[in-house]
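[1] Quick one, structure for this:
(one chain, ligands or ions: 2)
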Amino acid sequence: MNKAAILVAGGKGTRMGAPISKQYLPIGGKPVLMHTLQIFYEVDPSIHLILVLPASDFSYWKELCQEYGFNIPHQLVEGGNSRFQSVRNGLDSITWAEGLVAIHDGVRPFVAKEVISNSFLEAEKSGSGIAVIALKDSIRKLGDDGKSCYQERQYFRLVQTPQTFLLSKIKKAFQVTEIQQFTDDATVYEHQGWQVSLIAGNPENIKITTPEDLQYGEFLLSQSKK
Ligand SMILES: Nc1ccn([C@@H]2O[C@H](COP(=O)(O)OP(=O)(O)OP(=O)(O)O)[C@@H](O)[C@H]2O)c(=O)n1
Ligand SMILES: C[C@](O)(CO)[C@H](O)COP(=O)(O)O
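    Ligands and ions are numbered 1, 2, ... in the order given. Down below sits the predicted model:
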């Protein structure tokens, strides 16, 4: 089956507070996005890679690719005003009648290869493969009255990407009006009344969001070189 991966990187990275958007910041000597593209390519070079960026960053990205001698083939697609819209633009760019598509945050460069492969396998089997991890800490639910109460953590999972789907179904799911609850792609799919399938993610697969995440990322890379 045809395989594609949409790496969304159309955001501004405001929480990072850096002079350039976080997806271009160097980590382990090269921009975050180059690590993410490389890992998908290494899993399977036949995966069609789609990189969603703000249109105003296209020329900057091309300059970075030249500077770093980065030559993994990928297609650039213009981002939207929200993650939902960036994903939809990525999906609209795929013209195949059917296939599998992994949707992944460009700023999650530490996804394990096994997680990517498993998400494609599960999506082929059941229609979707969503990477999640169990909680290590206890959790409490906050009430509007200022009180809090115990929650059974075994019933909760932290949601990561990749979130991989059968192309025809996820394309149909994204033909809806965006609502606030659509913080990830599984929620958009589920909105159609379809059940998602979960797969085990990897704990290192953090979403680089704040400066501490970059430090942790440098640490992870230094460990992997040992
Ligand atoms: N309009 C948008 C907004 C977000 N994203 C992408 O969605 C992923 C997860 O979003 P987040 O970590 O919130 O990134 P930013 O929106 O860039 O960060 P911030 O909220 O701090 O500005 C990122 O890869 C981001 O680039 C996107 O493609 N298009
Ligand atoms: C898609 C996601 O990374 C899953 O955890 C997350 O929901 C993105 O959230 P953000 O609000 O765009 O940071």
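[2] Look up how far Gly29 lies from Ile179.
    Ile179 sits at a distance of 41 Å from Gly29 (criterion: CB to CB, to the nearest Å). Quick note: C-beta positions are derived from backbone N, CA and C, even for glycine.
[3] Likewise for Tyr155?
    41 Å.
[4] burial measure for the residue of the chain found nearest ligand 1, as a count.
    Residue of the chain nearest ligand 1, by CB to the nearest ligand atom: Gly11 (2.1 Å). Around Gly11 there are 21 other residues, counting by other CB atoms under 10 Å.
[5] Surely it is in a helix?
    No - checked against DSSP: H, G, I helix; E, B strand; the rest coil, Gly11 lies outside a helix; its state is coil.
[6] Show the contacting residues for it.
    The contact partners of Gly11, by CB atoms under 8 Å, 6 or more residues apart in numbering, come to Ser21, Gln23, Gly79, Arg83, Ser86, Val107.
[7] what about stretch 83-92, near ligand 1?
    Yes - judged by CB under 6 Å from any ligand atom, stretch 83-92 comes into contact with ligand 1 at Arg83, Ser86.
[8] Please point out which parts of that stretch sit buried.
    Arg83, Phe84, Gln85, Ser86, Val87, Arg88, Asn89, Gly90, Leu91 (16 or more other CB atoms under 10 Å).
[9] now stretch 92-102
    For stretch 92-102, by 16+ other CB under 10 Å, it's Ser93, Ile94, Leu100, Val101, Ala102.
[10] now do stretch 127-140
    Gly127, Ser128, Gly129, Ile130, Ala131, Val132, Ile133.
[11] quick one: which of the residues you listed is nearest Ser168?
    Within these, proximity to Ser168 (CB to CB) peaks at Gly127, which comes in at 9.7 Å.
[12] Look up how far Ile50 lies from the residue nearest to that closest one when sequence neighbours are not counted.
    With CB to CB, 6 or more residues apart in numbering as the criterion, Gly127 has its nearest non-adjacent residue at 4.9 Å, and that residue is Leu166. From Leu166 over to Ile50 the distance is 17 Å, taken as CB to CB.
[13] That concludes my questions; thank you for your assistance.
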